[in-house]
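Asks: Below are the sequence and a predicted model; questions follow.
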Amino acid sequence: GIQVEQSPPDLILQEGANSTLRCNFSDSVNNLQWFHQNPWGQLINLFYIPSGTKQNGRLSATTVATERYSLLYISSSQTTDSGVYFCAVAATQGGSEKLVFGKGTKLTVNP
Amino acid sequence: GAVVSQHPSWVICKSGTSVKIECRSLDFQATTMFWYRQFPKQSLMLMATSNEGSKATYEQGVEKDKFLINHASLTLSTLTVTSAHPEDSSFYICSVATYEQYFGPGTRLTVT
């Protein structure tokens, strides 16, 4: 099955700093999502981005499907950005296929 | 996006008892729902795919007789952990799928 690797595993930032999180995957995908898991466990959808670039406020993401990686950019980080960021992929189009999750990047933003 | 609720948010039960967790799709008719399990400081692992009106599909290594899944309507799927043991203590999360997946808030199960 598809393998998903995320880096770095841990990241500590000062408030206001920028960061880049990476997700590598081992095979072609038709679905790639980025999530933020908050301290209470809720998974929040950040991006659905099987290819291309998207931006939402201080966050943006780029997926280069031909090279099998995706990047999540966080600019001007805030303490509320703390939590675990997961990349998840699926080989088939749409949401009907199971997602394979990476191990996540734990982000800590200090005031 | 789809809104998903779970009940209860947390539950403590004694070893040997059964616990039922509900997953509701509040604004979307979900023919397919997914159940994941997450151990502390680990990633999410898919347990099973719940299909409305038919049997669930379980992932390899997941005991279907222990984790009973019922998807009786387009808005409700239930996961029953039967004869729970301490090693079943975990965070259980469900999701619904449109073209992307949306997750419920999770249920934290502690078996004593």
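Replies: Thanks, I have the structure now.
Asks: contacts and neighbour counts: CA atoms only from here.
Replies: Noted.
Asks: mind listing what the residue most central in space within chain B touches?
Replies: With distances taken as Cα atoms, centre = their mean, the residue of chain B nearest its centroid is B:W35 (4.0 Å). Counting by Cα atoms under 8 Å, 6 or more residues apart in numbering or on different chains, B:W35 touches B:46-50, B:92-95.
Asks: So which of these is surrounded by the most neighbours?
Replies: Counting neighbours by other Cα atoms under 10 Å in any protein chain shown, B:C94 comes out on top of those with 32 neighbours.
Asks: Which secondary structure element is home to B:L109?
Replies: strand B:107-111 (DSSP states H and E).
Asks: about what we covered before: return the member of the contacts of B:W35 nearest to B:Y58.
Replies: B:A48 (4.2 Å; Cα to Cα).
Asks: Check for me that that closest one belongs to a strand.
Replies: Yes. Counting by DSSP: H, G, I helix; E, B strand; the rest coil, B:A48 is part of a strand.
Asks: got a list of what it touches?
Replies: By Cα under 8 Å, 6+ apart, the contact list for B:A48 reads B:34-36, B:56-59, B:62.
Asks: Could you point out which residue ranges in chain B have low pLDDT?
Replies: Along chain B, segments meeting pLDDT under 70 are nowhere present.
Asks: Get me the contact residues on it for chain A.
Replies: Taking Cα under 8 Å from any Cα of the partner chain as the contact definition, chain B meets chain A at B:32, B:34, B:42-46, B:49, B:97-106.
Asks: Make a PyMOL selection of the buried ones in those residues.
Replies: Remark: buried members of the residues of chain B next to chain A, expressed as a PyMOL selection using 16 or more other Cα atoms under 10 Å in any protein chain shown:
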select buried, chain B and resi 32+34+43+44+45+46+49+97+98+100+101+102+103+104+105+106
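Asks: The residues of chain B next to chain A in strands, which ones?
Replies: B:32, B:34, B:44-46, B:49, B:97, B:101-103 (DSSP state E).
Asks: tell me which of those residues is nearest to chain A?
Replies: B:A97 (4.6 Å; Cα to the nearest Cα).
Asks: For the helix or strand hosting A:T53, which helices and strands make contact with it?
Replies: Element membership for A:T53, per DSSP H and E: strand A:52-56. With contacts defined as 3 or more Cα pairs under 8 Å, 6 or more residues apart in numbering or on different chains; DSSP states H and E, strand A:52-56 has these neighbours: strand A:59-64.
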